[in-house]
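A.B. asks: pasting the sequence and the predicted coordinates here, then a few questions.
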Amino acid sequence: MREKILTAIDKNSKVSVADLAIMLGITEEEVANTIKELEDETIICGYPTLINWDKVHCERVTALIEVKVTPQRGLGFDKIAERIYQFSEVQSVYLMSGGFDLTVIIEGKSMREVANFVSEKLAPMDAVLSTGTHFVLKKYKEHGLPLVQTKHDERMLITP
Amino acid sequence: MRNPLSKSVVNIQPSGIRKFFDIVSEMKDAISLGVGEPDFDTPWHIREEGIYSLEKGRTFYTSNAGLKELKVEISNYLYRRFDLNYDYNKEVMVTVGGSEAIDIALRAMLEPGDEVLIPQPCYVSYHPCTILAGGVPVVIDLKGENDFKLTRQELIDSITDKTKVLILAFPNNPTGAIMDHDDLLKIVDVIIEKDLIVISDEIYSELTYGSKHVSIASFPGMKERTIVINGFSKSYAMTGWRLGYAAGPALILEQMIKIHQFAIMCAPTTSQYAGVEALKSGDPDVEMMRDAYDKRRRFVVHSLRKMGLECFEPYGAFYVFPCIKGLNMTADEFATKLLQEEKVAVVPGTAFGDCGEGYLRISYAYSMDNLKIALERMQNFVDRHRSEK
């Protein structure tokens, strides 16, 4: 049931407890309790809104930064990742396989702001060996949802 | 000028749905719960395979019975999902949608005067196709109290010396009824004893909720007297590709292929290549869609019952068939008024046979948002008319 609830709200966290109960054929109490458990266990970590900021007239810049680091004895990459993700500019941090270690996704108001963050905060860290910054030009799809086109129902209104 | 028309065609009544479609099309901002096709797009990997086949220049006819590769996949699929064994080479043919298969199956088998049993409410084409094939349609009125399943007694009562074919269409459009293993078991011996041939339209076979679909062809003694019709429209959301198939005894298939060869040539080549991909790797898509339909199904049934409309649990397809007999209106009046007053389009049950009177077909092949708005409006409508009564 946990998985069923998670799948049901994965793409739409606004579904009400009452509707979830009906759709999954269980009681509202069961839904509410399960969601509470999932939150307590930080399986559900938050309910952000997917916004296409490009359509709002306020300047925002996203950059993906490839970071090579020296892992620390006994702590591996976790410690350095934590030092990086504490910055409020940082949206996501992933440990990667392959040619570099961490992907850090930064959001800032301008390219200068992002550049300052990289050169003044990220690059000078002791464990950071190198950085490679890639600016995002356009977002097409996030969290499994397309940001670009809206779809119309093109079906005929009545069919057998 | 002489009368250019065929009497038998002129005498066929146009589909009841058509009439309603014309009214709905006039209405600009109507919300519809009236479609008989999925709201999902064909999964991208399947569409891409179609595009790829075009890029490769695969724009020629295929053999009449269909691409070998596709027939092999169909045969594998029928075995994998429904435990049916068909030789891809002699017992499987690819058609232009399930609809073509229905038409040519009837044409291949009927002699003038042969009776075809058609349990209604059902899809609109069985009746006219029977007439066009020279047969005599014999309607069996299924009953709400039996959850619109065909009972043994109803079957026995409808059989005469002239009965040749029984059409079974479960999971059912428009009722959402299914016939499970035990339901089918009760009629199988009658079918065999009376030497009937079954055309089993299983186009909604992937859309059952709670239990897996059982094909009547999987019962002992039934494979040799059943034509299984299925297709890609409902399972893989591929209605516009027009791709279906029939599986059955070589003796009958051979004649069906003959008609198909002269009338159609072959199913669209692009669609056939896409169909191969669908059967090879479309299982997760089917599961995703089934899961989404199931959620909406529960929501719609719940909402309808909340309105006080009696509504049996539909375990198949994507339709709910609520009863509106308590409201002192015919199905046609209800649907027309609901459209005029609340701008919600549903299809009156009578479009699928006279015994659909007192019922509506509500499709849940829509987004939850759309369903919510439409059902709220319908609730207002029902409340208002109930208090008027």
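C.D. replies: That came through, no problem. Residues are numbered from 1 along each chain as shown, chains lettered A, B, ... in the order given.
A.B. asks: specify the local secondary structure of residue 103.
C.D. replies: Since no chain was named, I'll use chain A. strand (DSSP: H, G, I helix; E, B strand; the rest coil).
A.B. asks: if you could check chain B rather than the one you did, that'd help
C.D. replies: Assigned with three-state DSSP, residue B:103 falls in the helix class.
A.B. asks: what does residue A:92 give?
C.D. replies: Per three-state DSSP, residue A:92 ends up strand.
A.B. asks: that one - nearest residue in space that isn't next to it in sequence?
C.D. replies: Once flanking residues are discounted, residue A:92 sits nearest to residue A:105: 4.2 Å by C-beta to C-beta, 6 or more residues apart in numbering or on different chains. To be clear about C-beta, it is placed using only N, CA and C from the backbone, and glycine gets the same treatment.
A.B. asks: next: residue B:250.
C.D. replies: Residue B:250 sits nearest to residue B:90 (C-beta to C-beta, 6+ apart), 4.1 Å away.
A.B. asks: list the contacts for the one you found?
C.D. replies: B:250, B:253-254 (C-beta atoms under 8 Å, 6 or more residues apart in numbering or on different chains).
A.B. asks: could you do residue A:28 as well?
C.D. replies: By C-beta under 8 Å, 6+ apart, the contact set of residue A:28 is A:17-18, A:21.
A.B. asks: tell me the contacts of the spatially most central residue of chain A?
C.D. replies: For chain A, the residue sitting closest to the mean C-alpha position, by C-alpha atoms, centre = their mean, is residue A:92 at 6.1 Å. The contact partners of residue A:92, taken as C-beta under 8 Å, 6+ apart, are A:103-105.
A.B. asks: switch the cut-off to 10 Å
C.D. replies: By C-beta atoms under 10 Å, 6 or more residues apart in numbering or on different chains, residue A:92 lies in contact with A:64, A:85, A:103-107.
A.B. asks: and for residue B:99?
C.D. replies: Contacts for residue B:99 (C-beta under 10 Å, 6+ apart) come out as A:160, B:123-125, B:129, B:201, B:203, B:229, B:231, B:233, B:242, B:244.
A.B. asks: now swap in residue A:91 and tell me
C.D. replies: By C-beta under 10 Å, 6+ apart, residue A:91 lies in contact with A:62-64, A:85, A:104-107.
A.B. asks: one more time with 8 Å, if that's ok
C.D. replies: Residue A:91 touches A:62, A:105-107, counting by C-beta under 8 Å, 6+ apart.
A.B. asks: where does residue 107 land in three-state SS?
C.D. replies: If you meant another chain, say so; for now it's chain A. strand.
A.B. asks: try residue B:362
C.D. replies: Under three-state DSSP, residue B:362 falls in the strand class.
A.B. asks: can you report how many residues lie near it?
C.D. replies: As a burial measure, residue B:362 scores 29 neighbours (other C-beta atoms under 10 Å in any protein chain shown).
A.B. asks: what about residue A:83, distance to residue B:188?
C.D. replies: 71 Å (C-beta to C-beta, to the nearest Å).
A.B. asks: what's the answer for residue B:170, then?
C.D. replies: Between residue B:170 and residue B:188 the distance is 14 Å, computed by C-beta to C-beta.
A.B. asks: what are the boundaries of the helices in the chain?
C.D. replies: This is for chain A. Taking DSSP state H as the criterion, chain A carries its helices at A:2-10, A:17-24, A:28-40, A:78-85, A:111-116.
A.B. asks: hm, I was asking about chain B
C.D. replies: Using DSSP H, helices in chain B cover B:7-10, B:16-26, B:44-55, B:68-82, B:97-109, B:126-132, B:152-158, B:181-193, B:250-263, B:269-281, B:283-306, B:331-342, B:368-388.
A.B. asks: now the fourth one against helix B:269-281, angle please.
C.D. replies: What that stands for is helix B:68-82. Put simply, helix B:68-82 runs at 40 degrees to helix B:269-281, going by axes from the mean of the first three to the mean of the last three C-alpha atoms, to 10 degrees.
A.B. asks: for helix B:68-82, the distance to its chain's centre please.
C.D. replies: In this view, helix B:68-82 has its centroid 20 Å away from the chain centroid, taken as C-alpha atoms, centre = their mean, to the nearest Å.
A.B. asks: stretch B:195-202 now?
C.D. replies: Centroid separation for stretch B:195-202 versus its chain: 14 Å, with C-alpha atoms, centre = their mean.
A.B. asks: how about it: buried residues?
C.D. replies: B:196-202 (16 or more other C-beta atoms under 10 Å in any protein chain shown).
A.B. asks: one more: stretch A:103-117?
C.D. replies: Buried residues in stretch A:103-117 (16+ other C-beta under 10 Å): A:104-108, A:113-115, A:117.
A.B. asks: go through the contacts of residue A:28 and give me the one with the most neighbours.
C.D. replies: Counting neighbours by other C-beta under 10 Å, residue A:21 leads the contacts of residue A:28 with 18 neighbours.
A.B. asks: can you name the residues that contact that residue?
C.D. replies: A:27-28, A:30-31.
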